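S.K.: Pasting the sequence and the predicted model now:
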Amino acid sequence: MNKTLRVLCWGAVAVLGAAAVGAIALRRGEPINALWLVMAATCCYALGYRFYSRFIAARILALDGLRATPAERLENGRDFLVTNKWVVFGHHFAAIAGPGPLVGPVLAAQFGYLPGTMWVLAGAVFAGCVQDFVILLFSVRRDGKSLTEMAKDEIGIVGGFVAYVAVIAILIILLGVAALIVVNALKASPWGTFTIAMTMPVALLMGVYLRRIRPGKVLEVSALGFVLVLAAIWGGQYVSQSESLAKLFTFSAPTLAILIMVYGFAASALPVWLLLAPRDYLSTFVKLGTIALLGVGIVALHPTLHMPALTRFVDGTGPVFAGKIFPFAFITIACGAISGFHSLISSGTTPKLIARETETRLVGYGAMMAESAVAVMAIIAACVMQPGIYFAINSPAGIVGQAPAAAAATISSWGFPVTAAEMQTLAHAVGEQTLYNRTGGAPAFAVGMAHIFSHSLGGETLMALWYHFAIMFEALFILTILDAGTRVARFMVQDALGHVYKPLGRTSWYPSILATSALIVGAWGYFLWQGVKDPLGGINSLWPLFGISNQLLATVALCVATTIIIKMHRAKYAAVTLAPLAWLVAVTFTASWHKMFDRNPRVGFLAQAHVLAAAPGPMTNATVRLIFNNRLDAAVTGVLVVMVTLVLVESARQWMGILRGSSEARVKESPFVRTRLVEEQG
């Protein structure tokens, strides 16, 4: 009876999910309710976790609850530590959830709600969750080794070297783009800038409180941080309404870029307990609470999606970024479906905390599902506003024009009516001077989020408060990646330089800390500055570069995973990682070709450089810089593609050798040691 009931229940979930996906995919000509997206996502995630992840766990990975993990065998109270599975889940989610699931789906909404929703659901269940799960388990079985070390052991020296270079590249590009998103969200916004600025002394106070005043009192410092963050939001409103104070916190994009670079250097160089750790804790606290609140708001309000399923910009002429649905929708959404950056976390701190192998399914597959759910919420937030408003916020001035009237006229001519008065009213409602040309996705998400919250929690009078809360929420999301990523990149550079001069490899030697921090900040700061000075808003060129490099890193991770699966004598199941690998190769290599060689100057880096170089009149320093930047972006893309191609060739050589019997199929796992932990019940 119980089995029959389970079959009926899961059958009902499958039917409900199919109906929801069908409604999303097939309905045309009329708006649909956001609850269809929520229902489709809930059913797809439930089915994927219950059946697909269970199949992978049992048939391919053979999770063993009796096998001791490195957290147990190598426990040292610092890096390796047996940790409750829900705490590990929270840590992993906080570490992987950066700007990608918020920004990518918002930008891709220019194609309509349909492409993004379908890719987020299918990509997460069959690609992103799988990558995170298998890489986490393989790292656990290798004493918590990093992706680069696993690539070197399983694929060879070439794979390891390429993986190392790719990781550095992805971190630098990711950090530059993340910083640009913050700049575009905060420029000319005294309320937002004040609130974000105040979170820094709040974090410092929390660090000192836990370290010196009341050690170990986590609940106390959590309550203190929550109250002070709310005070910072209310204080931002007061600052924005004060003529003298507003001037102090109103900055141009270049000034904000410099300030964020200074912050990144400080976060990398200061002791971890003073700024980085309390900021990350504060960020995680706000992240989880806000995401839960947003989910409740969507269910309570069940808003209508005003963006059509497919827009006219599927032809590649989109104002937010140029390029057709294939391949650009897939590299734009990036982290919401699959992210190479996740493989660094799945082979970084997380495998050193896992208490039992069986928990890798919840942490690896489950946390990525949670991030994918954030991406679905971002799609809803972007699509609940009127399309004209969406394009007014996200389109750069170089496309629609600087003047509000000109921008409104241009967008209305596309078939998405909007007026300058309407945009001014909306800006006033959210407490901003203007919402035009806020490229980067963050302001659009904040407007959508404020719309949902103001209609379900507090009414229109609190819309400005909710908008700036959303801006703070996104900036905390992004700054977490900025400070942690800068520190991780510093460690990697120190490791490499230590082979040249040993003191440089000591992570505690301050001359090395300062020099390598400056090197990393200078590297991502260059891409940030490039984006700030870009007349098309920066995101047009930098976000595709980020998406390509991120997906190429996922390609490396799936190469490693496929190689290990074949070496485990489970080649008949290799399609689980080989299929998403083949898709990523098709997407990223096609996108890379277009970004390098497409003749459309809004798409191709080299084409844009050629147009700028051929322009009549004297060439300014800004034009020279833009030409160089476009050629540099093309070169970076080309180098990454060549390196990943080498990994693919080396991996394929390994696979063919093993399948033909000419190479030995031997994995390099740590020896089996029986766990001393008591078997969990139930």
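M.R.: Cool, the structure landed. Numbers count the residues shown, from 1 in each chain.
S.K.: Could you check how far His594 is from Phe330?
M.R.: Computed as Cβ to Cβ, to the nearest Å, the His594 to Phe330 distance reads 12 Å. C-betas here are computed from N, CA, C, even on glycine.
S.K.: How about the contacts made by Thr675?
M.R.: The contact partners of Thr675, taken as Cβ atoms under 8 Å, 6 or more residues apart in numbering, are Gly65, Leu66, Arg67, Ala68, Thr69, Glu72, Arg356.
S.K.: Oops, could you answer that again for Phe391 instead?
M.R.: Here Phe391 is in contact with Gln110, Pro319, Val320, Val400, Ile411, Trp414, Phe416, Val418 (Cβ under 8 Å, 6+ apart).
S.K.: Please enumerate the strands of the stretch 1-150 of the chain.
M.R.: With DSSP state E, counting those that start in this stretch as the criterion, the stretch 1-150 of the chain has strands at 32-33.
S.K.: re the thing from before, which of His594 and Phe330 has more neighbours?
M.R.: Phe330 (26 against 23; other Cβ atoms under 10 Å).
S.K.: where's the more buried one, which helix or strand?
M.R.: helix 325-333 (DSSP states H and E).
S.K.: So what touches that helix?
M.R.: So helix 325-333 is in contact with 104-105, 107-108, 111, 115-116, 119-120, 123, 314, 316, 321, 337, 375, 543-544, 547-548, 550-551, 586-588, 590-591, 594, going by Cβ under 8 Å, 6+ apart.
S.K.: And it, how far out from the chain middle?
M.R.: Here helix 325-333 is found 15 Å from its chain centre; the criterion is Cα atoms, centre = their mean, to the nearest Å.
S.K.: buried stuff in it?
M.R.: Ile325, Pro327, Phe328, Ala329, Phe330, Ile331, Thr332, Ile333 (16 or more other Cβ atoms under 10 Å).
S.K.: From the residues you listed, pick the one nearest Ala609.
M.R.: Closest to Ala609 out of the buried residues of helix 325-333 is Phe328 (19.6 Å), distances taken as Cβ to Cβ.
S.K.: gap between that closest one and Ser252?
M.R.: 30 Å.
S.K.: Which of the contacts of Phe391 scores worst on pLDDT?
M.R.: Of all the contacts of Phe391, Val400 carries the smallest pLDDT score, 81.
S.K.: just checking, that one touches Ser412?
M.R.: No - with contact defined as Cβ atoms under 8 Å, Val400 does not reach Ser412; the gap is 10.4 Å.
S.K.: Which one's more surrounded, the two?
M.R.: More crowded of Val400 and Ser412, by other Cβ under 10 Å: Val400, with 23 against 15.
S.K.: Can you report how many residues neighbour the closest residue to Cys335 other than its chain neighbours?
M.R.: Nearest non-adjacent residue to Cys335, counting by Cβ to Cβ, 6 or more residues apart in numbering: Gly100, 2.4 Å away. Per other Cβ under 10 Å, the neighbour tally for Gly100 reads 32.
S.K.: what's the single longest helix in the chain?
M.R.: Criterion DSSP state H: the longest helix present in the chain is helix 621-660.
S.K.: list the helices and strands it packs on?
M.R.: Judged by 3 or more Cβ pairs under 8 Å, 6 or more residues apart in numbering; DSSP states H and E, helix 621-660 is in contact with helix 157-186, helix 510-533, helix 539-567, helix 575-597, helix 605-614.
S.K.: and which of the contacts of Thr675 is nearest to Asp495?
M.R.: Thr69 (24.4 Å).
S.K.: how many neighbours does the closest one have?
M.R.: Neighbour tally, Thr69, other Cβ under 10 Å: 27.
S.K.: again with the one 4 residues further on
M.R.: Counted with other Cβ under 10 Å, the neighbours of Arg73 add up to 16.
S.K.: With adjacent residues omitted, what lies nearest to it?
M.R.: With Cβ to Cβ, 6+ apart, the residue lying closest to Arg73 is Val673, at 5.8 Å.
S.K.: For that neighbour, what are phi and psi?
M.R.: When read as degrees, to the nearest 10, the backbone of Val673 gives phi -130, psi 130.
S.K.: contacting residues for it?
M.R.: Contacts of Val673 (Cβ under 8 Å, 6+ apart): Arg67, Ala68, Arg73.
S.K.: Wait, Val320 touches Ser395, no?
M.R.: Yes - here Val320 reaches Ser395: they are 6.3 Å apart, a contact under Cβ under 8 Å.
S.K.: one step back: got a markdown table for the helices and strands packed on helix 621-660, with distance to Leu47 too?
M.R.: Below are these laid out as a markdown table (distance: least, Cβ to Cβ, whole Å):
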| stretch | distance to Leu47 |
| --- | --- |
| helix 157-186 | 31 |
| helix 510-533 | 39 |
| helix 539-567 | 22 |
| helix 575-597 | 16 |
| helix 605-614 | 41 |
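S.K.: in the stretch 251-400 of the chain, which spans are helices?
M.R.: 253-269, 276-301, 325-333, 340-346, 360, 367-383, 387-394, 397-400 (DSSP state H, counting those that start in this stretch).
S.K.: Out of the ones you listed, which is closest to Gly657?
M.R.: Closest approach to Gly657 among the helices of the stretch 251-400 of the chain is made by helix 340-346 (24.2 Å; Cβ to Cβ).
S.K.: Next SSE downstream of the closest one?
M.R.: helix 360.
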